[in-house]
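In: Just a sequence and a predicted model for now, questions to come.
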Amino acid sequence: DRALLNNAVNADSGAYAPYSGFKVGAAVQLTNGKVVTGNNQENAAYPSGLCAERVAVFAAMSQFPDQKIEAIAITIKTPGGEIVDPVSPCGACRQVLMEYENLQQKKIRVIFTGETGKAIVVESVSDLLPLSFTAG
């Protein structure tokens, strides 16, 4: 988990976050051992930006469609560096992760942390989103 978190920390440096100042990095571990990273990309038309988690997951699944997601690590960096508590995925990211967990019929471990302090690890996205939306 530490190595995956380190990948997420490295990814957050490429975030484009001129509006919020919150640089978020995410790293996805696939069943083939590959790690795909992403970071948040903001836009002046706020809903047009994407969170780091979705950037990483969508990139991973577009590049490796036959693989399953083992885990995702999420980190944050702010100008002040004062976030101690772990920052969990937003609702939209939880729903996207839940979609892939359901699709692959395999739990996705979620690891998240603040800038300092301890990480939180949950063994399944369903622990973060117990009543997810489904199309059926």
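Out: Sure thing, it's come through.
In: Tell me the secondary structure at Val121.
Out: Of the three states, Val121 takes strand under DSSP: H, G, I helix; E, B strand; the rest coil.
In: That one bridge partners, please.
Out: Ile111 (DSSP bridges).
In: so what's it up against?
Out: By CB atoms under 8 Å, 6 or more residues apart in numbering, Val121 lies in contact with Asp1, Arg109, Val110, Ile111. No exception for glycine: its C-beta is placed from N, CA and C like everyone else's.
In: of those, the lowest pLDDT goes to which?
Out: On pLDDT alone, Asp1 ranks lowest of the contacts of Val121, at 91.
In: count of residues packed around that residue?
Out: Other residues near Asp1 come to 13 when the count uses other CB atoms under 10 Å.
In: what do you get for Ala59?
Out: 15.
In: Which helix or strand contains it?
Out: Assigned by DSSP states H and E, Ala59 belongs to helix 52-63.
In: Average pLDDT for the next helix or strand after that helix, rounded please.
Out: On the C-terminal side of helix 52-63, the nearest following helix or strand under DSSP H and E is strand 69-77. Average pLDDT, strand 69-77: 98.
In: Run through the neighbouring helices and strands of strand 69-77.
Out: Here strand 69-77 touches helix 2-12, strand 23-30, helix 52-63, helix 91-104, strand 109-112, going by 3 or more CB pairs under 8 Å, 6 or more residues apart in numbering; DSSP states H and E.
In: which one of these lies closest to Glu123?
Out: Within these, the stretch nearest Glu123 is strand 109-112; the backing value is 5.7 Å (CB to CB).
In: Can you pull out the residues in contact with that closest one?
Out: 1, 4-5, 70-75, 86-89, 97, 119-125, 127-128.
In: about what we covered before: in CSV, list the helices and strands packed on strand 69-77 along with distance to Asn40.
Out: CSV is the format used below for the helices and strands packed on strand 69-77 (distance: least, CB to CB, whole Å):
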stretch, distance to Asn40
helix 2-12, 8
strand 23-30, 4
helix 52-63, 5
helix 91-104, 10
strand 109-112, 14
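In: Which of the ones you listed has the highest mean neighbour count?
Out: strand 23-30 (a mean of 26; mean count of other CB atoms under 10 Å).
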